[in-house]
Structures are given as structure tokens and as C-alpha cells.
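> What follows is a predicted protein model with its sequence.
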Amino acid sequence: MSDINEKLKAMLVRRLKLKMTTQDIKDNAQLFGEGGLGLDSIDALELVVGLQKEFGVSITDKAVAEKVLVSVNTIADFIEGRK
């Protein structure tokens, strides 16, 4: 699964224009809110689009998004479950 994690981190840095490297992003770090990467709702939309384009997975339900878009690990688990 680490391959998916690395691809996710690269996508986050590239698509969200983060001022950090993939090595700076911990697999279990919170993506949103204080103490995490500090992403916001605009970033969430871009992340959902990126997941669709780059991994072929759709997140169309808010409840699913709230469970999946927590950390790199939770997104990777969701992608793995869709294969």
C-alpha cells in the first residue's frame, strides 16, 4: 500500500500546490483542521477531482467524504477497497 500512499502524497503536493515535499506528509496526519495539513473546503473539492482523475475513484456522498478524506492512510484504504 505504500506505493499508493506515495502517489497520493505526490498528488496532494502537486494539485494543491502545497509548500512541502511528499516526505513532509505523514501517512496518518490529519488533512484538515488545526494540527494537520490545514486543508480547507476548496482543497477538498480539488482532492475529490484528483482522486477521480488519477485513481478512478469517486466520492459523491458527504458522509463518505468525511470518513475517507481524513489522512493519506484513510484515502489509500478507500482506493484499495475500490479495486
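Everything's here; your move. These numbers were taken from a predicted model, which means no experiment stands behind them. Residues are numbered from 1 along each chain as shown.
> Run through who's touching the host helix or strand of Val13.
Per DSSP states H and E, Val13 falls inside helix 2-15. Residues outside helix 2-15 that contact it (CB atoms under 8 Å, 6 or more residues apart in numbering) are 18, 20-22, 25, 27, 31, 37, 46-47, 49-51, 54-55, 72-73, 75-76, 79-80. For the C-beta atoms, the positions are set from N, CA and C on the backbone; glycine is no exception.
> now do stretch 27-42
5, 12, 16, 18, 25, 43-44, 47, 69-73, 76.
> Would you mind checking the contacts of helix 2-15 for buried ones?
Among those, those classed as buried by 16 or more other CB atoms under 10 Å are 18, 22, 25, 27, 31, 37, 46-47, 50-51, 55, 72-73, 75-76, 79.
> Narrow those residues to those in helices?
46-47, 50-51, 55, 72-73, 75-76, 79 (DSSP state H).
> so which of those comes closest to Ala65?
Leu47 (9.2 Å; CB to CB).
> Quick check: that closest one touching Leu69?
Yes - judged on CB atoms under 8 Å, Leu47 makes contact with Leu69 at a distance of 6.4 Å.
> just for this protein, where's the confidence low?
1, 83 (pLDDT under 70).
> Swap in 90 and give it another go.
Along the chain, segments meeting pLDDT under 90 span 1-2, 33-36, 82-83.
> And stretch 66-73, what's buried?
Buried, per 16+ other CB under 10 Å, within stretch 66-73: 68-73.
> Off-centre distance for that stretch?
From the chain centre to the centre of stretch 66-73 is a distance of 7 Å (CA atoms, centre = their mean, to the nearest Å).
> Cool, thanks, talk later.
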